[in-house]
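Engineer: Structure for this input, please:
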Amino acid sequence: MKKKLISTAAGMGLLLSAACASAHFQMIYTPESALVKGGAIPVKLVFTHPFEAGHTMDMGTPEKFFVVRTRGENAPKTIDLKESLKPMTWTSLTNSGKAWETTYKARGGDHAFCLIPEPYWEGADNFYIKQNTKVIVNVGGEPGAWNEPVGLPTEIVPLCKPYDRWTGNVFQGQVLLNGKPVPGAEVEIEYMNHKPLLDSNSFAKEAAVEAPQDAYILQTIFADANGVFTFGIPREGWWGFAALDLDPDYTYKGKKCSRDAVMWIQAKDMK
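Structural biologist: Alright, predicted model coming up:
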């Protein structure tokens, strides 16, 4: 009986640590996804727990950070932004972690910001996490190629404009691995529940909503046979979608590495 209890406790510990690791969300944050006019915008790269403004992980030097700009029928233009990044410290409600920031001059059309981060070592679970992340900003309502893949190894491609969602709309995305759909992909969803304060590089202490139970902090849905998932948007603000462990055989430095795809969208209340 004693052995059984120890085994059960160990199993629960593994589940808890896995749940903790899966709550990690790579952010590419800028205040607005739909700009009326162009200009210089702040961009912050933070690896954290956005719903709780919880533990912020130290980011290594990004492998790649670039933006794909599209405007009307013009060919996409890829701009390397890695050299523009500056290290900074981001403060959550529990700690501070190494992060990155830059300023970008946005013009008309779509701007797909794309990050391939250095893998993060999650010691509690004995594996690495690599969350390739994307967010799309539009300027002036001018059309762009928002529904075209940008070529990330793991990617969520929006099937509806990610910057025109009203509260109550749905968001659909397709999960890709090396350009091919991932059937049945597991997708975690988290709300940015604490406002990012750009002047202090920190989260606001006040939460927008209170979760009635821990299950509401991190929601989980699954994609269909074509890698497509659908989510109804219940509240205005930023929502993150993370498709997990899309390449189960992928390793880094001889250890398992969860190769994820993350995308952020912003919804607005209809007033």
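Engineer: any idea how far residue 84 lies from residue 104?
Structural biologist: Residue 84 is 8 Å from residue 104, where distance means C-beta to C-beta, to the nearest Å. All C-beta spots, glycine's among them, are computed from the backbone N, C-alpha and C.
Engineer: Those two: which has the busier surroundings?
Structural biologist: Neighbours per residue (other C-beta atoms under 10 Å) separate residue 84 from residue 104, with residue 104 holding more: 17 against 14.
Engineer: got a list of what that one touches?
Structural biologist: Listed by C-beta atoms under 8 Å, 6 or more residues apart in numbering, the contact partners of residue 104 are 40, 41, 43, 67, 81, 84, 111, 113.
Engineer: And for residue 129?
Structural biologist: Going by C-beta under 8 Å, 6+ apart, residue 129 touches 21, 24, 119, 120, 122, 257, 258, 260.
Engineer: just residue 243 next, same as before
Structural biologist: 154, 156, 175, 182, 185, 186, 187, 223, 260, 261, 262 are the contacts of residue 243 under C-beta under 8 Å, 6+ apart.
Engineer: what's the neighbour count on the last one?
Structural biologist: Per other C-beta under 10 Å, the neighbour tally for residue 262 reads 28.
Engineer: and what of the second one?
Structural biologist: Other residues near residue 156 come to 30 when the count uses other C-beta under 10 Å.
Engineer: ok, now how distant is it from residue 208?
Structural biologist: Counting by C-beta to C-beta, the gap from residue 156 to residue 208 is 24 Å.
Engineer: can you pull out the strands in the stretch 51-200 of the chain?
Structural biologist: Secondary structure of the stretch 51-200 of the chain (DSSP state E, counting those that start in this stretch): strands at 64-70, 77-80, 86-91, 96-106, 109-116, 120-122, 127-139, 154-158, 165-166, 170-177, 180-181, 186-191, 194-197.
Engineer: what element comes up after the last one heading to the C-terminus?
Structural biologist: Helices and strands here follow DSSP states H and E; after strand 194-197, the next one along the chain is strand 202-207.
Engineer: I'd like to check what contacts that following strand. Which residues are they?
Structural biologist: Under the contact criterion C-beta under 8 Å, 6+ apart, strand 202-207 has outside partners 53, 90, 91, 92, 93, 193, 194, 195, 196, 197.
Engineer: Narrow the residues you listed to just the buried residues.
Structural biologist: Those of the contacts of strand 202-207 that meet the buried threshold are 53, 90, 91, 92, 93, 193, 194, 195, 196, by 16 or more other C-beta atoms under 10 Å.
Engineer: Residue 212: which of the strands of the stretch 51-200 of the chain is closest?
Structural biologist: strand 186-191 (13.6 Å; C-beta to C-beta).
Engineer: Just want the angle from the closest one to strand 202-207.
Structural biologist: 80 degrees (axes from the mean of the first three to the mean of the last three C-alpha atoms, to 10 degrees).
Engineer: Can you name every helix or strand that strand 186-191 contacts?
Structural biologist: Applying 3 or more C-beta pairs under 8 Å, 6 or more residues apart in numbering; DSSP states H and E, we find strand 186-191 packed against strand 219-222, strand 237-243.
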